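Asker: Mind folding the following:
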Amino acid sequence: MNTNPKFAVIGGGSWATAIAKMLCENQTEIAWYMRNIYAIEHLKHQKHNPNYLSSVEFDIKKLRLTNDINEAVAFADYVIFAIPSAFLSGELENLTESLKDKVIFSAIKGIVPETSLIVGEHFHEKYDVPYENIGVITGPCHAEEVALERLSYLTIACGDLEKAKIMATNLSGDYIKAKTSDDIIGTEYAAMLKNIYAIAAGIAHGLGYGDNFQAVLMSNGIREMKKFIRKVHKMKRNINNSAYLGDLLVTGYSVFSRNRMFGNMIGKGYTVKSAQMEMSMVAEGYYATNSAYKLNQEYGAKTPIIDAVYQILYEGKDAKKVFAKLTDKLD
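Answerer: Next up is the predicted model:
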């Protein structure tokens, strides 16, 4: 196994920028694909991403910047995808380089809409990437706090723990602690589901519910997540670990949470479309709500919070009335 691999980051958003920052502190050169040519030119001359985490200054000599996804993939042994799940298929349409011999890590929190698969399963089924070459990078970790170099924790999951360790080593630093896990499917579903609960938390806040209700909502959320993940992939896991509960809490409570912000706007009376237009970043939980709700038609887990968020976002039901009913279903 290559113990000194090359890395590529696919994506130009805040999480991609944070991952590039972490990697640059451990690598002499990384490839970084983003489709926005203006952003690439700005980075080359001004040393920061103009659109996301613009306070982060890069050593340009360490960046192989490209708007050709094939160039980035060809350069690397480990390829990290950090783009919204709703846009993944579109980005991959231009891919001609084979991924079969690459180690793929997903930093994407969601399900690929076209296949209704989590990202790891999508790469396995559509691109013949073996499961031992697929991993997940999850939190609890907001990109904004990485930019500020505040102490943050990552969970790196992979079926091959040696590959997880290599990724963890290359993301670790003075303000990043990374641990490994073998629960690829569970951590990936948790990363998706916590965004839905964060939208619920935001809706509650927008409707005027206080911290007491928020605490009840989050405690019910982790139990609901446990039931859902157990239906999808039964294995021994501690749902109270930071990859599950910790990630849920930071996404539900943090001022940096775009999903909570999106939910807050819905609770205050914005339509879905107007809230999306006002936000400069994608709220992954919007797409995750639809995917989780439809998946659960098959699995049949008891998920009153997911159901409530779905009714508000996709069925156009009144948030105040939906949450009034939801309060009777929580304990």
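
Asker: Double-check that residue 236 belongs to a helix.
Answerer: No. Counting by DSSP: H, G, I helix; E, B strand; the rest coil, residue 236 falls outside a helix, being coil.

Asker: what about it, distance to residue 188?
Answerer: Relative to residue 188, residue 236 is positioned 17 Å away (C-beta to C-beta, to the nearest Å). Heads up, the C-betas are built off the backbone N, CA and C, glycines and all.

Asker: More neighbours: the two, which one.
Answerer: Neighbour totals were compared for residue 236 and residue 188, and residue 188 leads with 29 against 5 (other C-beta atoms under 10 Å).

Asker: so the more buried one is in which element?
Answerer: Using DSSP states H and E, residue 188 sits within helix 184-207.

Asker: which secondary structure elements does the following helix or strand past that helix contact?
Answerer: Where DSSP H and E defines the elements, the next helix or strand beyond helix 184-207 is helix 211-232. Other helices and strands packing on helix 211-232, by 3 or more C-beta pairs under 8 Å, 6 or more residues apart in numbering; DSSP states H and E, are helix 184-207, helix 247-253, helix 284-299, helix 304-314.

Asker: swap the cut-off to 10 Å and go again
Answerer: Using 3 or more C-beta pairs under 10 Å, 6 or more residues apart in numbering; DSSP states H and E, the elements in contact with helix 211-232 are helix 184-207, helix 247-253, helix 284-299, helix 304-314, helix 319-326.

Asker: Output stretch 92-105 as PDB - backbone C-alpha positions only.
Answerer: What follows is stretch 92-105 as a C-alpha-only set of coordinates in PDB (Å, rounded to 0.1, in the frame of the first residue of the first chain):
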ATOM      1  CA  LEU A  92     -19.100  13.300 -12.900                       C
ATOM      2  CA  GLU A  93     -20.500  13.500 -16.400                       C
ATOM      3  CA  ASN A  94     -17.200  14.900 -17.600                       C
ATOM      4  CA  LEU A  95     -15.200  12.200 -16.000                       C
ATOM      5  CA  THR A  96     -13.300   9.900 -18.300                       C
ATOM      6  CA  GLU A  97     -10.500   8.900 -16.000                       C
ATOM      7  CA  SER A  98     -11.100   5.500 -14.300                       C
ATOM      8  CA  LEU A  99     -11.800   5.500 -10.500                       C
ATOM      9  CA  LYS A 100     -11.300   1.700 -10.100                       C
ATOM     10  CA  ASP A 101      -7.800   2.000  -8.800                       C
ATOM     11  CA  LYS A 102      -8.400   5.200  -6.800                       C
ATOM     12  CA  VAL A 103      -9.300   5.500  -3.100                       C
ATOM     13  CA  ILE A 104     -12.400   7.600  -2.900                       C
ATOM     14  CA  PHE A 105     -13.400   9.600   0.200                       C
END
